[in-house]
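Enquirer: Provide a 3D model corresponding to the input given below.
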Amino acid sequence: MSKNVPSTSRKNSKYIYRFVCQVILTAIAAGIFFVFWRNFAETHNNTGYLMGLGNLGMAVGIYLILYTVIGKWLHAFTIGVERIANIMAGQALALFTVDVIEIFVSCAISGQFRFFFQFILLYGETFFIQLVINCILIFPMVNLYRKTFPPLKIIEIHGDYQNDLDSKINGVHYKYSIADSISDKEDEKVIRDRIVGFDAVLLNDLPAHRKNKLLKICYELNKRVYYVPKISDILVKNSEELNLIDAPLFLNRNNGITVTQRFLKRLFDILLSFIALIIFSPVFLITAIAIHLEDGGPVFFKQERVTYGGRRFMILKFRSMIVDAEKDGRPHPAGEKDDRITKIGKVIRACRVDELPQLINILKGDMSIVGPRPERWEHVEKYCEEIPEFNYRHKMKGGLTGYAQVYGKYNTTALDKLKLDLLYITNYSLLLDLQIIFETVKILVQKESTEGFTEEASKNMHDADL
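Expert: Residues are numbered from 1 along each chain as shown. Okay, the predicted model is just below:
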């Protein structure tokens, strides 16, 4: 047991370091907010009604709470855990969200709604200064973390099926380093002795009975363990605990989202898509004119997709390819240098503007803002033959963005994307929808984000992963 003490101590030190970084970032953001607000109050408080010290203290207190909660929610304090770009994006979204909320909070606390537009300018300047200072600080914080806490030394326990999971784990070089590998068929004593010298264990595609046995060994030895879940693992993840008999009893209702959740999700979709259509109407007009002027062809592109319950509908996009790009009637996924893509198409695809007309699909009820990406019927048939569980995705209405789009990559396998979508379906909440929307903003500039399932992605499927 003593061999695990250094590892436990280092883990606790990481948590303390992250907490200190969070306190520093929070103090700076709140301090800048306080200075700007005090100066604003002193300048505009001629009548004595704007804000006393008590109201200012209340505003700062609310700011601290909002920034801490929203910052954690958007991974703005994950020093050493995520990439620097992701942390900075989280900071930007957290600060922006809190500052926007504070505009209305300040109006309510002071009772001076006549200063609304001045508040907008005030918080715009506050946001800029906060963002610059906090983002600059993130670099030394992350660098110091990586120098102080080297990557976890991991031993991989593998089965018969060869995959690239180890290279994916090693790709997160600032967190993990797979230093050794051993077969799950080795004697249990040999495995135990090898595990002891490592910080963590990676169980790579093992049969269920072997995985369960090794999980128990890792628990006994106080070793953190990583593994890719099977579909069954995802389905039972949120089981409800029942204490009705003298034995643990889990309940999986498997009813999908409730009527109330479905109503709120639809209401959310209608409001957000309607507002987005109004905001982006100039972009719609400019894009439509540009597409038509380039080759005189239609502005929109329609394609049959599959949504909730296997129902088919026609998805709308701005046309980014030449007319009759699929005149043979067969699907031909576009590559990065596809000569069928028009000049305007290259621009709107890079900016994701081609997806905007799907807001109309959402308003009509064909799609949702967040959900599994709706697939072509041909792809659905193909994937269902190879993965019967693929139909589970249709327990939720297809979405403009989704869990797999946020956390997947362009080369993520179809099976892994299915698992990501099932994680969304089985964990659904309106807060999760909001989180995915925020995360979507963060990944818009990343080439690794994915539109959906592709032909290439299906090549790496394997029954052992189910």
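Enquirer: helix or strand: which one has Cys218?
Expert: helix 208-220 (DSSP states H and E).
Enquirer: buried ones in that helix?
Expert: Residues of helix 208-220 classed as buried by neighbour count (16 or more other Cβ atoms under 10 Å): Lys211, Leu214, Ile217, Cys218. From N, CA and C alone the C-beta is placed, and that goes for glycine too.
Enquirer: now do stretch 73-93
Expert: 73-82, 86-93.
Enquirer: same question, stretch 117-124
Expert: Here stretch 117-124 shows Phe119, Leu122, Tyr123 as buried, counting by 16+ other Cβ under 10 Å.
Enquirer: where is pLDDT lowest across the residues you listed?
Expert: Lowest pLDDT among these: Phe119, with 74.
Enquirer: for the buried residues of stretch 117-124, which one is nearest Leu422?
Expert: Tyr123 (39.6 Å; Cβ to Cβ).
Enquirer: for that closest one, what are its contacts?
Expert: Asp99, Val100, Glu102, Ile103 (Cβ atoms under 8 Å, 6 or more residues apart in numbering).
Enquirer: how does it look with 6 Å?
Expert: Tyr123 sits next to Asp99, Ile103 when contact means Cβ atoms under 6 Å, 6 or more residues apart in numbering.
Enquirer: just the element for it, please.
Expert: helix 116-148.
Enquirer: what's the next helix or strand after that helix packed up against?
Expert: Later in the chain than helix 116-148, the nearest helix or strand by DSSP H and E is strand 152-158. With contacts taken as 3 or more Cβ pairs under 6 Å, 6 or more residues apart in numbering; DSSP states H and E, strand 152-158 sits against strand 176-183, strand 200-204.
Enquirer: possible to save those strands as a markdown table with mean pLDDT, distance to Gly402 and mean neighbour count?
Expert: Listed next are these as a markdown table, based on pLDDT from 0 to 100; distance: least, Cβ to Cβ, whole Å; neighbours: other Cβ atoms under 10 Å:
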| stretch | mean pLDDT | distance to Gly402 | mean neighbour count |
| --- | --- | --- | --- |
| strand 176-183 | 93 | 26 | 16 |
| strand 200-204 | 95 | 27 | 21 |
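Enquirer: closest one to Asn238 among the ones you listed?
Expert: strand 200-204 (21.4 Å).
Enquirer: next, the angle from the closest one to strand 152-158.
Expert: 30 degrees (axes from the mean of the first three to the mean of the last three Cα atoms, to 10 degrees).
Enquirer: tell me where the model's unsure across the chain.
Expert: 1-8, 44-55, 109-115, 325-338, 410, 444-466 (pLDDT under 70).
Enquirer: quick check: the closest residue in space to Lys395 that isn't next to it in sequence vs Leu422, distance?
Expert: Among residues not flanking Lys395 along the chain, Gly256 sits closest, at 5.1 Å (Cβ to Cβ, 6 or more residues apart in numbering). According to Cβ to Cβ, to the nearest Å, Gly256 and Leu422 sit 12 Å apart.
Enquirer: again with Asn391
Expert: 11 Å.
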